[in-house]
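Q: Would you be able to build a 3D model of this:
(2 chains)
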Protein chains: 2
Amino acid sequence: MTYCCAIRLDAGLVLCTDSRTNAGTDQVNTYSKMHRFVWPGNRVLFLLSAGNLATTQGVIGRLNKDLERNAHINLLNLPTMTDVAQYVGMISADVQRNQMEREINNVNFEATFILGGQIDTEAPAIFLIYPQGNFIHESPEHPFLQIGEIKYGKPILDRVIRPDLSLEAAGRCALVSMSSTMRSNVTVGPPIELALYSAGSLQEGRILIFDEDNQFFRSVTECWSNGLLQALDNLPRFFWEKNTDNTVSQDSAPHF
Amino acid sequence: MTYCCAIRLDAGLVLCTDSRTNAGTDQVNTYSKMHRFVWPGNRVLFLLSAGNLATTQGVIGRLNKDLERNAHINLLNLPTMTDVAQYVGMISADVQRNQMEREINNVNFEATFILGGQIDTEAPAIFLIYPQGNFIHESPEHPFLQIGEIKYGKPILDRVIRPDLSLEAAGRCALVSMSSTMRSNVTVGPPIELALYSAGSLQEGRILIFDEDNQFFRSVTECWSNGLLQALDNLPRFFWEKNTDNTVSQDSAPHF
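A: Alright, predicted model coming up:
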């Protein structure tokens, strides 16, 4: 399984991925799912991938090959982010079609992508590219996109993400969203990759990679758990409770 | 869709359900999914239901009919909670089988239940009864069970629920879990029913019903959102940030 999310802010973009792949419980591996294509001063593109690993590797391979042979259409010469989304979607659908022609065992060859980035003077943008090659973009009312195992990590994004957050605040929120997902689904796992792209910079930005033992990621997770307990302690009491320090951490059995 | 959860604590049981049913987006209705069978001093049984409404109504109907005609096996004469789980599972599988015999249109007749309660001097217990009629119980390491749309509301339970929580603290946590689910899935909706059963009481306990405009439920939700923002603000800063009051609520675009 996989979990990736991308957030579009006024300040830029936040992108976050796990790195665990599995083809059955006895074939668990680590692959980066954050692919970066950076031409400083011209364009910065991030491609986050979920789904069939052969398909996603095939798509990245095709994108790189088109760049190497300077194909008529490639990541470097398309004028807008929407054009890039269209191009990636077309290649993805094509790779899946090729694989399906050889299908013998009902294998699911589908892959889903998030494309994020900025080209020249265009505003930064994020797109969710479906297996069929079509795509959607984010909106001011819904400024984030997710692929893979999306549900566990969605409530915190729903409640917190607004376009005027700082990259760092949204980055922390993405880490929390990832941490919740990892806790609830063992097929989502470290290392966690986090990218903070500053709008207009046309530079790669901050790329952070957190492995299982990373002190910062552990302290974020621990601090978050404590914060939730605190938030729970601060909730309004039921009408029959005295408003005392009946905290979650100091509870004993109540008397009815 | 549906979301129900049940928590087993040293202090007793917490059970929470939504009340929205839908058969397509143009057939949204309200039905209670918390069914109570109470014989004070002898036994208290809660049955939470998810899945095909005709099936769950059929099962409840059969349970009541067996009680009315004082059947050889019924909810009142079975000696243990495990026996009750077995009986409910058998009836559920039977009702589904009957419906499937008349199937013409690939309808999904499945239903899933959570059974919670206490019989006489036995300890309180909760069971998840699958559509096939088999079942599992909770464990000290995993003291809660969920059915329906379970993922959005799971992270908070994963991080917070421990057997030594008070009924009230766990009740608040269940409301938060429900609130997060309602926010992320429109087919989960009010009224919310919450039951707090005190271990050993063999009385129905506290039954609370919150409709959409309920002041308490709204203040829990609002207070929770604020608490999350606060928890996020308290997370460790990235190494390049000054540890200032760069709060989520006061953010402006950061400078890289």
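
Q: near chain B, which residues of the stretch 51-200 of chain A show up?
A: Applying CB under 8 Å from any CB of the partner chain, one finds that the stretch 51-200 of chain A approaches chain B through A:151-156, A:158-160, A:164-169, A:171-173, A:176, A:180-181, A:183-184, A:196, A:198-199. C-beta coordinates here come from the backbone N, C-alpha and C atoms, glycine included.

Q: now those: which count as buried?
A: A:151-156, A:158-160, A:165-169, A:171-173, A:176, A:180-181, A:183-184, A:196, A:198-199 (16 or more other CB atoms under 10 Å in any protein chain shown).

Q: now, which of these lie within helices?
A: Counted as lying in helices by DSSP state H, out of these, are A:154-156, A:158-160, A:167-169, A:171-173, A:176, A:180-181, A:183-184.

Q: ranges for the strands of chain A?
A: A:3-9, A:12-17, A:20-22, A:28-30, A:34-39, A:43-51, A:111-119, A:125-129, A:135-137, A:144-148, A:192-198, A:206-210 (DSSP state E).

Q: Let's have these in TSV, adding mean pLDDT.
A: Formatted as TSV, the strands of chain A follow (pLDDT from 0 to 100):
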stretch	mean pLDDT
strand A:3-9	98
strand A:12-17	98
strand A:20-22	86
strand A:28-30	87
strand A:34-39	97
strand A:43-51	97
strand A:111-119	98
strand A:125-129	98
strand A:135-137	96
strand A:144-148	97
strand A:192-198	98
strand A:206-210	97
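
Q: Just the pLDDT for A:Met100.
A: pLDDT, A:Met100: 84.

Q: neighbours around it, how many?
A: 13 (other CB atoms under 10 Å in any protein chain shown).

Q: how much space between it and chain B?
A: 25 Å (CB to the nearest CB, to the nearest Å).

Q: Could you do A:Ser19 as well?
A: For A:Ser19 relative to chain B (CB to the nearest CB), the value is 20 Å.

Q: Setting aside sequence neighbours, what's the nearest residue to A:Gln86?
A: A:Phe135 (7.6 Å; CB to CB, 6 or more residues apart in numbering or on different chains).

Q: again with A:Ser49
A: Per CB to CB, 6+ apart, closest to A:Ser49 is A:Thr56, 3.9 Å.

Q: and that neighbour, what is it in contact with?
A: A:Thr56 is in contact with A:33, A:49-50, A:111, A:113, counting by CB atoms under 8 Å, 6 or more residues apart in numbering or on different chains.

Q: Let's see if you can find the most crowded of the residues you listed.
A: Busiest of these [other CB under 10 Å] is A:Phe113, holding 29 neighbours.

Q: For the stretch 151-256 of chain A, give me the ranges with low pLDDT.
A: A:243-256 (pLDDT under 70).

Q: ok, 50 please
A: Where the stretch 151-256 of chain A drops to pLDDT under 50, the residues are A:245-256.

Q: Let me see the contact set for A:Leu63.
A: Counted by CB under 8 Å, 6+ apart, A:Leu63 has contacts A:37, A:47, A:74-75, A:88, A:91.

Q: nearest residue to A:Trp39 other than its sequence neighbours?
A: Nearest to A:Trp39 is A:Leu76, by CB to CB, 6+ apart, at 6.3 Å.

Q: That neighbour and A:Ala125: what is the separation?
A: The gap separating A:Leu76 from A:Ala125 is 17 Å, by CB to CB, to the nearest Å.

Q: And A:Thr21, by the same measure?
A: Counting by CB to CB, the gap from A:Thr21 to A:Ala125 is 27 Å.

Q: hmm, back to that, which of A:Leu76 and A:Ala125 has more neighbours?
A: Applying other CB under 10 Å to A:Leu76 and A:Ala125 shows that A:Ala125 carries more neighbours, namely 20 against 16.

Q: burial measure for the nearest residue to the more buried one once chain neighbours are set aside, as a count.
A: In space, and not counting its chain neighbours, A:Ala125 is closest to A:Met81: 4.4 Å by CB to CB, 6+ apart. Neighbour count of A:Met81, defined by other CB under 10 Å: 22.

Q: need the contact list for A:Cys16.
A: A:4-6, A:171, A:174-175, A:177-178, A:192-195 are the contacts of A:Cys16 under CB under 8 Å, 6+ apart.

Q: Check A:Ile114 too.
A: A:Ile114 touches A:4-6, A:15, A:46-48, A:126-129, A:145-147, counting by CB under 8 Å, 6+ apart.

Q: Then A:Arg36?
A: A:44-47, A:195, A:204, A:207.

Q: For A:Phe46, see how far away the residue in the stretch 51-200 of chain A positioned nearest to chain B is.
A: Nearest residue of the stretch 51-200 of chain A to chain B, counting by CB to the nearest CB: A:Lys151, 3.4 Å away. Distance check for A:Lys151 against A:Phe46: by CB to CB, it reads 23 Å.

Q: With A:Ser166 instead?
A: For A:Ser166 relative to A:Phe46 (CB to CB), the value is 19 Å.

Q: can you pull the contacts of A:Ser32?
A: Counted by CB under 8 Å, 6+ apart, A:Ser32 has contacts A:17, A:19, A:193.

Q: how does it look with 6 Å?
A: A:Ser19 (CB atoms under 6 Å, 6 or more residues apart in numbering or on different chains).

Q: returning to that earlier point: may I have the beta-bridge partners of the residue nearest to A:Gln86?
A: A:Ile129 (DSSP bridges).

Q: Thought A:Ala85 was touching it, still the case?
A: Yes - judged on CB atoms under 6 Å, A:Phe135 makes contact with A:Ala85 at a distance of 4.7 Å.

Q: These two: which has the busier surroundings?
A: A:Ala85 (24 against 20).

Q: Serialize the strands of chain A to JSON lines and add fields for distance to B:Trp240.
A: Formatted as JSON lines, these follow (distance: least, CB to CB, whole Å):
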{"stretch": "strand A:3-9", "distance to B:Trp240": "17"}
{"stretch": "strand A:12-17", "distance to B:Trp240": "15"}
{"stretch": "strand A:20-22", "distance to B:Trp240": "28"}
{"stretch": "strand A:28-30", "distance to B:Trp240": "27"}
{"stretch": "strand A:34-39", "distance to B:Trp240": "20"}
{"stretch": "strand A:43-51", "distance to B:Trp240": "19"}
{"stretch": "strand A:111-119", "distance to B:Trp240": "21"}
{"stretch": "strand A:125-129", "distance to B:Trp240": "23"}
{"stretch": "strand A:135-137", "distance to B:Trp240": "30"}
{"stretch": "strand A:144-148", "distance to B:Trp240": "23"}
{"stretch": "strand A:192-198", "distance to B:Trp240": "10"}
{"stretch": "strand A:206-210", "distance to B:Trp240": "8"}
